[in-house]
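S.K.: Let's see this in three dimensions:
(one chain, ligands or ions: 2)
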Amino acid sequence: MKNKLITFIGGGNMAQAIVFGLLNKGYSAAKLIVCDRNEAKRNLFAQKGVEVNLTNVEAAEKAEVVVLAVKPQAMAETCGPLSAVDFSGKLVISIAAAVSVSRLSALLPTAKNIVRVMPNTPALVSEGMAGLFASTGLNGEYQDFAEDLLNAVGKTCWLQKEEDMHAVTAGSGSSPAYFFLFMEAMEKTLSSMGISPENARTLVQQSALGAAKMVENNPQLPLSTLRENVTSKGGTTAAALAVFNQYQLDKIVQQAMEACVARSQEMEKLF
Ligand SMILES: NC(=O)C1=CN([C@@H]2O[C@H](COP(=O)(O)OP(=O)(O)OC[C@H]3O[C@@H](n4cnc5c(N)ncnc54)[C@H](O)[C@@H]3O)[C@@H](O)[C@H]2O)C=CC1
Ligand SMILES: O=C(O)[C@@H]1CCC=N1
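M.R.: Numbers count the residues shown, from 1 in each chain. Ligands and ions are numbered 1, 2, ... in the order given. The predicted model follows:
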């Protein structure tokens, strides 16, 4: 991928995951600018050789690609001063949940090339998952660049319908937290069973990693087969799964993801 000059507006958790993921993949620090109001956050990037001392407007003017990485509720306020910049020859990427392309176009009227992305924090370890949606008329070079950029830190999928971004938020952006919650619960239980904190962490971490790798390495196998291969009739796993089924884990997951989608739809109207 050709290293275009990219400015990140907002250097929080998600921007850090993408920027540090890109640096780990050899993206030149000299081609990255990060703007954040918070000095401690700026310092995290400065330590890696990233320019952090420009104003949002200066940094946006200088770069060819501008990534909007502030919270959805801060988007309008952040775009106010930025609307003075001519974005017509630039690519604007927004990673904000629930902020539509039409809303972004209204906030930055000169922006012609807009890509909405829903990434996730595993980008930091090059295992991100991002859904992408392009504004109509997006320049082909910029479409490829957005895809290459996110592919550098994980995997991507393009969406044909913007409304699918709500479901993708439940499936990429928010989803690492579900797995962390599950792992937290396992770790806590192992500790309550007398396993040392260090061993509890290793048991959970390695089992999760191993399970994910088995899923990745066996694309032809349904997930249910992988589960069944662990489950001896009348054995220990069956006893555990019976409890998950008793409490209808599938319904809990469905309700949680539907709540995620509903909140995203609500936020789209608010911000
Ligand atoms: N954290 C995650 O896992 C994911 C977050 N997102 C999206 O990414 C965006 C950022 O989320 P986080 O990184 O979690 O939030 P965060 O709160 O960690 O980072 C936002 C940063 O923006 C800075 N900021 C706010 N207004 C600014 C301004 N006008 N100029 C410069 N900097 C400004 C803040 O100081 C803060 O460091 C959100 O829109 C969120 O929906 C998307 C996918 C996953
Ligand atoms: O929780 C949130 O709203 C953001 C978007 C997806 C992940 N974090």
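
S.K.: Could you use CA atoms for every contact and neighbour count after this?
M.R.: Will do.

S.K.: show me the residues around the residue most central in space within the chain that make contact.
M.R.: Closest residue to the average C-alpha location of the chain: residue 120 at 1.8 Å, with C-alpha atoms, centre = their mean. Contacts for residue 120 were tallied using C-alpha atoms under 8 Å, 6 or more residues apart in numbering; they are 14, 128-130, 172-174, 176.

S.K.: So which of those reach ligand 2?
M.R.: Contacts with ligand 2 within the contacts of residue 120, as defined by C-alpha under 6 Å from any ligand atom: 173-174.

S.K.: so what's the residue in the stretch 51-200 of the chain that ligand 1 sits nearest to up against?
M.R.: Here the stretch 51-200 of the chain gets closest to ligand 1 at one residue, residue 96, 3.1 Å apart by C-alpha to the nearest ligand atom. By C-alpha under 8 Å, 6+ apart, the residues touching residue 96 are 68-72, 116-118.

S.K.: Quick check: which of those are also close to ligand 1?
M.R.: On the criterion C-alpha under 6 Å from any ligand atom, 69-72, 118 are the entries of those that sit beside ligand 1.

S.K.: Present those residues as TSV; the columns should include neighbour count.
M.R.: Formatted as TSV, the ones next to ligand 1 among the contacts of residue 96 follow (neighbours: other C-alpha atoms under 10 Å):
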residue	neighbour count
69	26
70	23
71	16
72	20
118	25
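
S.K.: show me what contacts the residue nearest to residue 267 when sequence neighbours are not counted?
M.R.: Excluding the flanking residues, the one nearest residue 267 by C-alpha to C-alpha, 6 or more residues apart in numbering is residue 98, at 5.8 Å. Neighbouring residues of residue 98 by C-alpha under 8 Å, 6+ apart: 72, 165-166, 264-265, 267-268, 271.

S.K.: let's go with 10 Å and repeat that
M.R.: 72-73, 116, 118, 163, 165-166, 169, 261, 263-271 (C-alpha atoms under 10 Å, 6 or more residues apart in numbering).

S.K.: next one: residue 246
M.R.: Applying C-alpha under 10 Å, 6+ apart, we find residue 246 in contact with no residue.

S.K.: now the contacts of residue 98: which count as buried?
M.R.: The neighbour-count test (16 or more other C-alpha atoms under 10 Å) marks 72, 116, 118, 165-166, 169, 261, 264-265, 268, 271 as buried among the contacts of residue 98.

S.K.: Could you export these as JSON lines, including pLDDT and secondary structure?
M.R.: Shown next, in JSON lines, are those (pLDDT from 0 to 100; DSSP: H, G, I helix; E, B strand; the rest coil):
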{"residue": "72", "pLDDT": "98", "secondary structure": "helix"}
{"residue": "116", "pLDDT": "98", "secondary structure": "strand"}
{"residue": "118", "pLDDT": "98", "secondary structure": "strand"}
{"residue": "165", "pLDDT": "98", "secondary structure": "helix"}
{"residue": "166", "pLDDT": "98", "secondary structure": "helix"}
{"residue": "169", "pLDDT": "98", "secondary structure": "helix"}
{"residue": "261", "pLDDT": "98", "secondary structure": "helix"}
{"residue": "264", "pLDDT": "98", "secondary structure": "helix"}
{"residue": "265", "pLDDT": "98", "secondary structure": "helix"}
{"residue": "268", "pLDDT": "97", "secondary structure": "helix"}
{"residue": "271", "pLDDT": "92", "secondary structure": "coil"}
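
S.K.: Tell me the one of the contacts of residue 96 nearest residue 48?
M.R.: Residue 48 has its nearest neighbour among the contacts of residue 96 in residue 69, at 18.9 Å by C-alpha to C-alpha.

S.K.: In space, what's closest to that closest one - neighbours in sequence excluded?
M.R.: In this structure, residue 69 finds its nearest non-sequential neighbour in residue 10, 4.8 Å apart by C-alpha to C-alpha, 6+ apart.

S.K.: need the residues of this protein near ligand 1, please.
M.R.: So far as C-alpha under 6 Å from any ligand atom goes, the chain lies against ligand 1 at 9-15, 35-38, 69-72, 74, 78, 95-97, 118-121, 173.
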